[in-house]
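Novice: With the input below, show me the fold.
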Amino acid sequence: MSAVVTVTGASGNVGQSLLDVLEADDRVAEVRAVARRPPEDEARDKVRWFGADVAADDLAPALAGADAVVHLAWAIQPSWDGAALRRTNVDGSAAVFRAAVTAGVGAIVHASSVGAYAAGPKDRTVDESWPLGGHEGHPYSLQKAEVERLLDAVEPDVRVVRMRPALLFTARAGLELRRYFLPRLPGVPLALRPALVDRAPSRFQVVHTDDAARGYAAAALSDASGAFNLATDDVIGTGPIAALEAPARRAAAATWRLHAQPVDPGWVTLVFRSPLLDATRARTELGWVPSRTGHEALADGLRGIRTTRTAATPALTGRSPR
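Specialist: Residues are numbered from 1 along each chain as shown. Below you'll find the model as predicted:
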């Protein structure tokens, strides 16, 4: 096998880990890395960079002759600009899917999310048959669900894989995570320690970004299709305290409207209501086994948030492109 794999959003959190995995795989001949802001000095033997905006630019050169495209390009910030998020997330995804079909790409591996699911249980795990829908008032989750519906239209023409990971953490993305999700107040990153987060009044799962990348690569380089949850067995948090959801959301909404912190209140809903995931299908059909527990992934990500001062690519700085 000598595969050509295109990766959109290649300069971001999962993208950088996926490039590592694909470049080390003997089955991969070339990786076409697509990003709005390609790194200027990153040298990888198998990787060829394409500077492109998925919502506006011609993607044909990056897709011509590709065996698979892994679609990672997604915007989380600026959360106050809903039109800009929709342009990248929904319109950009539609453009990638159309271009892939036109180019005759063999497979689309789409980075969906636990957020695409409708509200679900916190006392047991659910498999990939759990209904989609996202969460009211949370553009991220609603758009993840909407983009999965877009895939329904192209699925007859191409092999489609929908990857639905739990929350992703890695130290390398520490600067991005800090700017995307934390108030810009002194001391906040230093206060975030694993033991504190593990006392959160809900339950959720964390996956290391490197492990998620291995799952995406396995899907791209196999004949798998359909949806795959990616999650560890251990769960973060003390348990759901439903009475705290409404005040937490109100607090997030008030501070978000004041631009005191970057997280829209829908993220509170996601943490309180998203289901816990059963990753049996990924383990059995993709051979995917996470190398780190959720607690280890969380600790690595929080360490990066506390200590990271530079980033390998423009995307990992967490700064929105001008």
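
Novice: In the chain, where's the longest helix?
Specialist: Longest helix of the chain, by residue count under DSSP state H: helix 139-154.

Novice: For that one, enumerate the helices and strands it packs against.
Specialist: For helix 139-154, the elements it packs on are helix 82-86, helix 92-103, strand 107-111, strand 159-165, helix 266-273, judged by 3 or more Cβ pairs under 8 Å, 6 or more residues apart in numbering; DSSP states H and E. Where you see a C-beta, it was placed from the backbone N, CA and C, and this is true even at glycine.

Novice: From the centre of the protein, point out the most distant residue.
Specialist: Distance from the C-alpha centroid of the chain, by Cα atoms, centre = their mean, peaks at Ala243 (28.8 Å).

Novice: circling back: the longest helix of the chain vs strand 107-111, what angle?
Specialist: 170 degrees (axes from the mean of the first three to the mean of the last three Cα atoms, to 10 degrees).

Novice: residues contacting Thr125?
Specialist: Shown in contact with Thr125 (Cβ atoms under 8 Å, 6 or more residues apart in numbering): 231, 275-278.

Novice: try it again with 7 Å
Specialist: If you count contacts by Cβ atoms under 7 Å, 6 or more residues apart in numbering, Thr125 has them with 276-278.

Novice: and what of Val96?
Specialist: Contacts of Val96 by Cβ under 7 Å, 6+ apart are 8, 54, 59, 69, 71.

Novice: Look up how far Arg48 lies from it.
Specialist: Val96 is 17 Å from Arg48, where distance means Cβ to Cβ, to the nearest Å.

Novice: again with Ala312
Specialist: 18 Å.

Novice: How about Ser79?
Specialist: 32 Å.

Novice: just Leu132 next, same as before
Specialist: 34 Å.

Novice: ok, these two, which is more surrounded?
Specialist: Leu132 (19 against 15; other Cβ atoms under 10 Å).

Novice: Please report phi then psi for the more buried one.
Specialist: With angles defined as degrees, to the nearest 10, Leu132 sits at phi -90, psi 170.

Novice: contacting residues around it?
Specialist: Leu132 sits in contact with 116-118, 145, 148, where contact means Cβ under 7 Å, 6+ apart.

Novice: so what's it bridging to?
Specialist: Tyr117 (DSSP bridges).

Novice: Would you mind measuring from it to Arg306?
Specialist: 35 Å.

Novice: residues in contact with Gly287?
Specialist: Ala218.

Novice: count of residues packed around Phe50?
Specialist: 19.

Novice: tell me the secondary structure for it?
Specialist: Assigned by DSSP: H, G, I helix; E, B strand; the rest coil, the conformation of Phe50 is strand.

Novice: ok so Ala311 is a helix residue?
Specialist: No - with three-state DSSP as the criterion, Ala311 is coil rather than part of a helix.

Novice: burial count for it?
Specialist: With other Cβ under 10 Å as criterion, Ala311 counts 20.

Novice: Contact partners for it?
Specialist: Counting by Cβ under 7 Å, 6+ apart, Ala311 has contacts 175-176, 317.

Novice: pull the helix or strand with minimum mean pLDDT from the protein.
Specialist: Ranking every helix and strand in the chain by mean pLDDT, DSSP states H and E puts helix 188-191 at the bottom, with a mean of 70.

Novice: tell me which residues of the next helix or strand after it are tucked away?
Specialist: For helix 188-191, the succeeding helix or strand toward the C-terminus, using DSSP states H and E, is helix 194-197. Within helix 194-197, the residues that count as buried by 16 or more other Cβ atoms under 10 Å are 194, 197.

Novice: and helix 194-197, what does it pack onto?
Specialist: The contact analysis (3 or more Cβ pairs under 7 Å, 6 or more residues apart in numbering; DSSP states H and E) places helix 194-197 against helix 294-307.

Novice: so who does the nearest residue to Pro131 once chain neighbours are set aside touch?
Specialist: Of all residues not flanking Pro131 in the chain, Ala118 sits nearest, at 4.8 Å (Cβ to Cβ, 6 or more residues apart in numbering). Applying Cβ under 7 Å, 6+ apart, we find Ala118 in contact with 131-133.

Novice: same check, this time on Val154
Specialist: Counting by Cβ under 7 Å, 6+ apart, Val154 makes contact with 97, 101, 108, 160.

Novice: count of neighbours near the third one?
Specialist: Counted by other Cβ under 10 Å, the residues lying close to Ile108 total 26.

Novice: my read: it touches Val160, true?
Specialist: Yes - if you go by Cβ atoms under 7 Å, Ile108 and Val160 touch, sitting 5.2 Å apart.

Novice: Run through the residues that contact the one residue sitting closest to the centre of the chain.
Specialist: Residue closest to the average C-alpha location in the chain (Cα atoms, centre = their mean): Ala111, at 5.9 Å. Neighbour list for Ala111: 14, 71-72, 74, 163 [criterion: Cβ under 7 Å, 6+ apart].
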